[in-house]
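# 3D, please:
(chains A and B)
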Amino acid sequence: MTAVAALTDRMVRDSLRDDLPFAIVAPAGNFVVFNFALRNVIDTGGMSYPQYLLPVIIIQVMLLGALTTIDRAARDHGSDFGVRLRTLPISTSVPLMARMLYCLFRGALALLAAIAVGYVFGFRMDGGLIYATAFAVLVLTLTLAVSLGADATGTGIAGAGIAGAEMGSSGGASQLLLVPQLLLVMVSTGMAPVDAFPDWLHPFVGNQPVSQVTETLRGLAIGHVAVSNLATSLAWCLGLLVVFGTLAVRMQKRTQ
Amino acid sequence: MIELNGVAKTFDGSIHALQDVTYSVPTGSVCALLGHNGAGKTTTIKILSTLLRPSSGQAIVAGYDVVRQPAEVRANIGTTGQLAALDWQLTGRENLVLFGRLRGMRRKHAQLRADALIDQFDMSHAADRRVGTYSVGMRRRIDIAAALVVPPKVLFLDEPTTGLDPRSRRDVWDLVSSLSAQGVTVLLTTQYLEEADVLSDSIVVINEGRVIASGTAEELKSRVGFSYCTVSPVNPTDLSRILDVVADLEGAQADRDANTVSVLASDGVATLGEVFRRVEQLGVELLDISLRKPSLDEAFLRLTGSVTA
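Now for the predicted structure:
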């Protein structure tokens, strides 16, 4: 455990100058831009637009944040430092665990920052402590699941010896994964209700994970949530967690 | 100690990085693995430090089999990387504390150990700067220090002096000697014959994945020839005349690009005297005459020659 703590500590120190400030500023930036652009355009019924929007902003920054894990995993795997880690008497899962702890730490900071900026614009957590806790747990579960997927990708890139991965410049993969990430967020009910989309898109828009999870988060924020929606969200999050978690652990093989 | 017995490593079924490598390094001695880029030096180190599995053969490090007891091997070795295997975002001190904690030390203990190493490596002026701002020599020192946080039984140094200025190189040499005096078994790789000569108790020369020679520096030198006598005439057109008069001496050859004639100086200064006498009789004006160590190329040429002969 000392080893996991030491590596997590290292990642936090490494990121004080670049990644962590970004993690804290990103929610505010995203929220402010979308809120001003869309608040008078989209009809969200009885709910104020900040109240409607904040959950998808949180999902958006969590997904974007997870993409930074690709680089971190690739660096840990391919750099001389990472190679040295594999000659130390520590388990192969230690660097992975440290990266995931870092992702959760980063996610928690981003979540707090998002809620803080939301409060400024009128978002409220009206459901009480239990609902608020459930809100945070759901967000962090999704963060962990997506980060595991990103981690497996980064490790895979470094392991395949793709040019530049050793230097930690696996930027290509993060760029590529931006596309599905943006699509999932834009083509969801996160920013606009399903009626805002053409009919033929409704089945996808309504059921895809970002829509389901943002719907659940909105419910948790106001204090009542539909059971079927909660079950779907949990199924998505736990399913991704298992699939990506298995992949990420498998990628940590030490020797060839 | 380190023992390799018939170790081979094949990549992708057809690239033979190592073939039938066998040698041993006694406890507390320094062994230099000498060879060109791509000869198999780093592959050997990777196998011995449990990063690669040998395709066949057996390797024992500090009494443990690298394939069957990798955890025990890892607990007893220290490694360094060619480009300094450190976190460049952290300071030198933070790196040392990190490696201490990764080896199971409590934070306080790791900090004390880092302080001691910083003193020992004379790095107190730079310990709190980021490693990314270090010179190559400073980085190398912290890199080696990081391998010593918990004193290892076996230390692997992959090209520890590549890219260092002569003074830093000398520092690393002194350090390796003192470690070996403390009983640490050291395996280092190098492309420099001189370095292998100065540092090591034994030398293993590898070429294209095979051991082509091994033994003490003295043994190899007697096979490679201790040094070469090199003559440069003032007038390059005299090269062939000089070559004619020394042609019966061992290893005589002319290098027109470098404007030199070289002769293997098996008797050292006496050979130089003989060459000088002959050239003087010829009446050729000389720019330079000197003894020099054989280059790695010359050593390889001699060794591969003596293996096939």
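
# where do the helices sit along chain B?
Here chain B has its helices, by DSSP state H, at B:41-48, B:70-76, B:92-102, B:107-120, B:136-147, B:166-181, B:193-199, B:217-224, B:239-246, B:269-282, B:296-308.

# same deal with chain A?
So, for chain A - with DSSP H - the helices run A:2-15, A:19-38, A:49-78, A:80-85, A:93-120, A:128-159, A:171-186, A:202-207, A:209-222, A:227-250.

# Turn these into TSV, columns for mean neighbour count and distance to chain B.
All C-beta atoms are positioned from the backbone trio N, CA, C, and that covers glycine. Shown next, in TSV, are the helices of chain A (neighbours: other CB atoms under 10 Å in any protein chain shown; distance: least, CB to the nearest CB, whole Å):
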stretch	mean neighbour count	distance to chain B
helix A:2-15	20	4
helix A:19-38	17	11
helix A:49-78	25	10
helix A:80-85	21	3
helix A:93-120	20	8
helix A:128-159	21	13
helix A:171-186	15	17
helix A:202-207	14	42
helix A:209-222	23	33
helix A:227-250	16	18
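
# Quick one: residues contacting the closest residue to residue B:83 other than its chain neighbours.
Leaving aside its chain neighbours, residue B:83 sits nearest to residue A:80 (5.2 Å; criterion: CB to CB, 6 or more residues apart in numbering or on different chains). Shown in contact with residue A:80 (CB atoms under 8 Å, 6 or more residues apart in numbering or on different chains): B:81, B:82, B:83, B:84, B:85, B:86.

# Report the closest residue of the stretch 201-309 of chain B relative to chain A.
residue B:209 (16.5 Å; CB to the nearest CB).

# centroid residue for the chain?
Picking chain A for this. residue A:62 (2.7 Å; CA atoms, centre = their mean).

# right idea, wrong chain: chain B
Centroid check for chain B by CA atoms, centre = their mean gives residue B:190 as the closest residue, at 2.4 Å.

# pretty sure that residue is touching residue B:161, no?
Yes. Because the distance of 7.0 Å satisfies CB atoms under 8 Å, residue B:190 is recorded as touching residue B:161.

# these two touch, right, the residue of the stretch 201-309 of chain B closest to chain A and residue B:10?
No. Taking contacts as CB under 8 Å, residue B:209 lies outside contact range of residue B:10: 9.4 Å.

# and for those two, which residues touch both?
Common neighbours of residue B:209 and residue B:10 (CB under 8 Å, 6+ apart) are B:16, B:17.

# Which of these two has more residues huddled nearby?
Neighbour count, other CB atoms under 10 Å in any protein chain shown: between residue B:209 and residue B:10, residue B:209 has more, with 21 against 15.

# Now do the same contact list for residue A:114.
Contacts of residue A:114 by CB under 8 Å, 6+ apart are A:27, A:28, A:31, A:54, A:57, A:58, A:61.

# looking at it, residue A:74 is touching residue A:150, isn't it?
No. When contacts are counted by CB under 8 Å, residue A:74 is not listed as touching residue A:150 (10.1 Å).

# list the buried ones in stretch B:159-168?
Counting neighbours by 16 or more other CB atoms under 10 Å in any protein chain shown, one finds that the buried residues in stretch B:159-168 are B:159, B:160, B:161, B:162, B:164, B:168.

# cool, stretch B:128-145 as well?
Buried, per 16+ other CB under 10 Å, within stretch B:128-145: B:130, B:131, B:134, B:137, B:138, B:139, B:140, B:141, B:142, B:143, B:144, B:145.

# Switch those over to a markdown table; also include pLDDT and distance to residue A:49.
As requested, the buried residues of stretch B:128-145 are exported to a markdown table (pLDDT from 0 to 100; distance: CB to CB, whole Å):
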| residue | pLDDT | distance to residue A:49 |
| --- | --- | --- |
| B:130 | 94 | 44 |
| B:131 | 93 | 48 |
| B:134 | 93 | 52 |
| B:137 | 86 | 59 |
| B:138 | 89 | 55 |
| B:139 | 90 | 53 |
| B:140 | 89 | 58 |
| B:141 | 89 | 58 |
| B:142 | 92 | 53 |
| B:143 | 92 | 55 |
| B:144 | 91 | 59 |
| B:145 | 92 | 57 |
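
# now, which of these lie close to chain A?
Among the buried residues of stretch B:128-145, no residue is within reach of chain A (CB under 8 Å from any CB of the partner chain).

# In those residues, find the pair that's most separated.
Maximum pairwise distance in the buried residues of stretch B:128-145, criterion CB to CB, is 18.4 Å, between B:130 and B:144.

# still on that earlier bit, now the contacts of residue A:80 as a markdown table including pLDDT and neighbour count?
Below are these laid out as a markdown table (pLDDT from 0 to 100; neighbours: other CB atoms under 10 Å in any protein chain shown):
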| residue | pLDDT | neighbour count |
| --- | --- | --- |
| B:81 | 76 | 22 |
| B:82 | 74 | 17 |
| B:83 | 74 | 19 |
| B:84 | 78 | 23 |
| B:85 | 88 | 22 |
| B:86 | 92 | 28 |
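
# Identify, from those residues, the entry nearest to residue B:253.
residue B:82 (33.4 Å).

# dump the residue contacts of that closest one.
By CB under 8 Å, 6+ apart, the contact set of residue B:82 is A:80, B:42, B:158, B:159, B:162.

# Now render the residues you listed as JSON lines, adding distance to residue B:33 and pLDDT.
Below are these laid out as JSON lines (distance: CB to CB, whole Å; pLDDT from 0 to 100):
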{"residue": "A:80", "distance to residue B:33": "18", "pLDDT": "86"}
{"residue": "B:42", "distance to residue B:33": "9", "pLDDT": "89"}
{"residue": "B:158", "distance to residue B:33": "9", "pLDDT": "89"}
{"residue": "B:159", "distance to residue B:33": "10", "pLDDT": "88"}
{"residue": "B:162", "distance to residue B:33": "13", "pLDDT": "84"}
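
# picking that back up, show me what contacts the closest residue in space to the residue nearest to the centre of chain A that isn't next to it in sequence?
Excluding its sequence neighbours, the residue lying closest to residue A:62 (CB to CB, 6+ apart) is residue A:143, at 4.6 Å. Counting by CB under 8 Å, 6+ apart, residue A:143 makes contact with A:62, A:65, A:66, A:103, A:104, A:107.

# redo that, cut-off 10 Å
Applying CB atoms under 10 Å, 6 or more residues apart in numbering or on different chains to residue A:143 gives the contacts A:58-59, A:61-63, A:65-66, A:69, A:100, A:103-104, A:106-108, A:110-111, A:237.

# can you check residue B:27 too?
Contact analysis of residue B:27 by CB under 10 Å, 6+ apart lists B:1, B:2, B:62, B:63, B:153, B:154, B:183, B:184, B:185.

# For my notes, please list those in JSON lines and give neighbour count for each entry.
Formatted as JSON lines, the contacts of residue B:27 follow (neighbours: other CB atoms under 10 Å in any protein chain shown):
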{"residue": "B:1", "neighbour count": "15"}
{"residue": "B:2", "neighbour count": "24"}
{"residue": "B:62", "neighbour count": "17"}
{"residue": "B:63", "neighbour count": "14"}
{"residue": "B:153", "neighbour count": "20"}
{"residue": "B:154", "neighbour count": "23"}
{"residue": "B:183", "neighbour count": "11"}
{"residue": "B:184", "neighbour count": "20"}
{"residue": "B:185", "neighbour count": "24"}
